[in-house]
Every structure is written in C-alpha cells, then in structure tokens.
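Colleague: make a model of this:
(one chain, ligands or ions: 1)
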Amino acid sequence: MPLTVGSKRVLLHSQEKGWTVEPAIIQIDGAHIKSIKTYPNAEQITATSHWYADDLITPGFVDSHTHLSLNFLRGRVAAEQTAGNVVEDLFFKLEEKITAADVSAFARMGAYECLLSGTTFVWDHYYHADAVADAMIQVGLTGTVAATLQDLSGPGKNDWENGLAFTQALNGSDYHAQLGISAALGPHATDTVSEDLWRKIVEVAEKLSLPIHVHVAQSPEEFQRIQTQYGCSPVDFLRRAGVLDSAVDKHLVHMIYVSQKDLSYCKNDSVRLIACPHSQMIFHFPAAYMDWWRMDLNWAVGTDCAASNDSLRVQAEMRTLATWPMTSLGLSSEFSEFRRSATPVQAQGMSALRHTLQSECTLSLNQQNLLNVLFLGTARSKAIHPKVNGLAPGSLANLVVWNWEDPVFWPGHAPLHSLIFSDVQPAMKGIMTLGKWRGTVGDLRRSVLNSNEYKSARREATDRLNTLLNRAGI
Ligand SMILES: [Zn+2]
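Modeller: Model prediction:
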C-alpha cells in the first residue's frame, strides 16, 4: 500500500495562493512527495494509510544556519569568555583537537535535537563535514552541508583542500542526494580565507551551481583585519572579490559589522542575509535587522549553534524576529529622550513612531514572508532548494503532524499566525523525514529518547566529549 498522509488541515504553498491550510492527502513515493490531493472525498480518505483527521500537517522547519556538532560547547560561552572573541579564544582551541569521529558523535545529538524541534532541513557549516553528513544520515535529518574552508587562520587552515574535494564529491554523490544531503561551499569568514581561495571557491560554485554559505562581519577583529589589509569593509571586500556579483546563491550569516552602504550591495535576491538573533545576543550583539527589512533585502533565520544559543529551535528564533521592530523601539534614542523628560506629547510621538516602524517592516515581516522563511529558508516565495518547496510534488517527504487539540492552537482561528507566534513545540505529535516516521506518532519525544539508537548515540557523545576535554586540557 503506498504511503499516504493526510488531514483536514494541511499547510500548502503555491505561487498563486501563497500559504493556505486545506484538507489534503499527500502521496509519498520513497523519500519524495509524489502528489497532493486537495479536498479529498470520503472514499479517498478511507483509503489513506495515515489519516490524522483534525490535526495540522505542515512541512518541517528549515534552519538556515547551524553547526550541529557544536552542542559539545553548550553552556561554555560564559560571561568571562564573551569578553573576548569567543570563536577565536575558545572554539578554535577545542576545534584543533576534535576528530571526525567526535564531530559525528556530537552532530548526531544535534540532529536529534533538531528533529525533536520540528526542523527537518538544516544548513550546516563545519569541519569534518563528511562526519556531519554521516551523522545526519544516521538520524534521518536532511540538509545542505558545507565543509568549513579557511587557509589563513583557524583550526581547518591545513585541511581546506580536503574540504573542497569533499564538497565536489558530495555534489556528485547520488547516495547522499537520495538521503536528502546536498553540498554548499563553506568559506569560514572574510578574514580567514585568502583572495586566492576566494577565487577558487567562486569558480567551483559557478561551475557546479553550488551556493556559498559564509559568516560575514561577525566580529570587530574580522572588520579590523579586512580594513587593515584591503582598506574596505568585509562586505565591500566580497563585492570587490566578485562574490556578490556572482550568479550563485550567497548565504551571508550574521552581518553585524555592516554599514547601510554595505547592505545596498546586497540588494539582490541571490543574496540571503541570515539572522541568528539569540546566538548573536550571547556571542556578540544583534545585527541591524531593521535596516535589512527597510531595504527589503532577502533574509532567512538560523539558530547558529547550541554553543552560543543553547537551543536549536528555529521557530523560537522566528518568534523573536517577528516582533523585533518593537524591541528596537524600546532601545531607540526617541525612547531615551522620553525617559529623560516624559511629556504627553513625547508619549504620542512614541506611539506615532511605533506605527511608522510597523509600516516600514510590513513588507518584510508579513505573514506569508515569515512562513517562507520558516518553511523554505528564504523570505521570497520561490524555493531556493529544488527539494525544499513545502508539501509539493518533488519535495523531500519531510513533514510534521501537530496535535490540533493542544491548547497552543485554540481556538483555532489562526493556525498560520500560531505557527509563527505560538510556542508550538509541545503540540508536536509526529515527524517524518525522507518518507519515514522518526519515533512513534503520538508518542514522539518519549519514543525517540527511549530508542536504542538515541541511547547509544548519547552514550558515545558523552564518552567522546570527556576524552576531548581531557586532550584539550579543559
Ligand atoms: Zn555560525
């Protein structure tokens, strides 16, 4: 019997109608969605192998920037360590000692955490990318894997040729493609990659039509180094190096030390700016998202990593961003002025400013765009990955079943709004990737945590972490 999954509430996406919730049956062939039947009749419903009646079925979330294995540093970005450059002072020290087997063990734990958060597709970026891909395959998580490339500094500086070779091999691998793993080029950051290597990366990206996934302007040290060497900003450096003008997709992560002029170079839908708000608030401070939205730049959201975020729940990042304009109002110079000399006129001025900020962001933060970010990994309605296009024929068979009876959806008048603003995780009932249920529907979390696979993955990760910490003298 072919696998068919349906309910009275399925979140669908089309160019014409945008995101809608309709009764539908999803027919699955292997790892992919074969067809969608909307408004099924009674006979078709009876013939459905997995009919969930009132429950809501959606695609899985897309996490547009993460390092699955960096959970081994969870909780170590303590206050005294955030005083410096946490990536260079702490991460690099441990990463120099890490082995491929360690990365695989830690990434498995990250992959489980993603699945249990409703994320089915990630954009990962790390050393030993082959081990990350293996871990994802073992757990059933799909995504784009970028081997971290750096030749000037950092723990991977002597390994970039292997990383580049792996990227090209991954791109040609049917085995990985069938398991939902694709490749991206992963230059580490603007200051850790030489001009020569940047040229090679753009050449390979263009030849193979691969996206470039890179951290940009994430620290004052990076900004200073590029200024000293090239006399320009990190973003302007990318423009001068031909990266921004290249036709390939560019996935620019963090973008903190960025001017408004720099942002004007990013006004192109092949450039996506990736916001990781909670991570940035811990390792540094948030980028100027309001400028991104005022300029209507393409963007998406990521969790970064458990080391600096402590959470891999991308939907929680979205909840923060969706209300971000009001956070910026609370920190505005106008509000400081009000607090210095509070008058009714100034209070009214704040109210007017609130409306102005809201209207400036209406385009970027409208419900349809936010759902695009959550489920497609782009603010635009056009898919950026051929197999991640919502619940549609040709997409990976990745979906989540949500318990409609859970109070987080009640009274049920605005499910699209709930998916953005509610804390929906307790309502997760089941998750499928590549056409396979992960855990038991209706008993998801307990069934995964009690599985032998999870228990042995956790045991191995704990043992390897203890050994790594000993090796690094921490
Ligand atoms: Zn990162």
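Colleague: am I right that residue 179 is in contact with residue 142?
Modeller: Yes - Residue 179 is within contact range of residue 142, at 7.4 Å (criterion: CB atoms under 8 Å). Using the backbone N, CA and C atoms, a C-beta is placed for each residue, glycine as well.
Colleague: between the two, which one's more packed in?
Modeller: residue 142 (26 against 19; other CB atoms under 10 Å).
Colleague: show me what that one is bridged to.
Modeller: For residue 142, the beta-bridge assignment (DSSP bridges) gives partners residue 121.
Colleague: list the contacts for it?
Modeller: Shown in contact with residue 142 (CB atoms under 8 Å, 6 or more residues apart in numbering): 120, 121, 122, 136, 179, 180, 181, 396, 398, 433, 434.
Colleague: same thing but 10 Å
Modeller: Counting by CB atoms under 10 Å, 6 or more residues apart in numbering, residue 142 touches 31, 60, 62, 111, 119-122, 136, 179-182, 385, 387-388, 396-398, 433-434.
Colleague: what do you get for residue 439?
Modeller: Counting by CB under 10 Å, 6+ apart, residue 439 touches 112, 115-116, 140, 428, 430-432, 445-451, 454.
Colleague: between those, which has the most around it?
Modeller: Within the contacts of residue 439, neighbour counts (other CB under 10 Å) peak at residue 112, which reaches 28 neighbours.
Colleague: hang on, residue 151 packs against residue 191?
Modeller: No - counting by CB atoms under 10 Å, residue 151 stays clear of residue 191, with 11.5 Å between them.
Colleague: of the two, which one has the most company?
Modeller: The neighbour comparison of residue 151 against residue 191 (other CB under 10 Å) goes to residue 191, with 25 against 21.
Colleague: look at the more buried one and give its secondary structure.
Modeller: coil (DSSP: H, G, I helix; E, B strand; the rest coil).
Colleague: just the strands in the stretch 201-350 of the chain please.
Modeller: Taking DSSP state E, counting those that start in this stretch, the strands of the stretch 201-350 of the chain run over residues 212-216, 250-254, 271-275, 299-301.
Colleague: gap between the second one and the chain center?
Modeller: Spelled out, it's strand 250-254. 11 Å (CA atoms, centre = their mean, to the nearest Å).
Colleague: where does pLDDT dip in the stretch 251-400 of the chain?
Modeller: Counting by pLDDT under 70, the stretch 251-400 of the chain shows no low-confidence range.
Colleague: contacting residues around residue 208?
Modeller: Residues near residue 208 by CB under 10 Å, 6+ apart: 167, 168, 171, 172, 183, 185, 248.
Colleague: run the last query once more with 8 Å
Modeller: 168, 171, 183.
Colleague: just give me the closest of these to residue 20.
Modeller: residue 183 (32.8 Å; CB to CB).
Colleague: what strand or helix carries the closest one?
Modeller: strand 181-187 (DSSP states H and E).
Colleague: name the helices or strands packed onto that strand?
Modeller: Counting contacts by 3 or more CB pairs under 8 Å, 6 or more residues apart in numbering; DSSP states H and E, strand 181-187 packs against strand 119-126, helix 129-139, strand 142-149, helix 160-171, helix 195-208, strand 212-216.
Colleague: residue 102: which of these is closest?
Modeller: helix 129-139 (8.2 Å).
Colleague: done for today, thanks.
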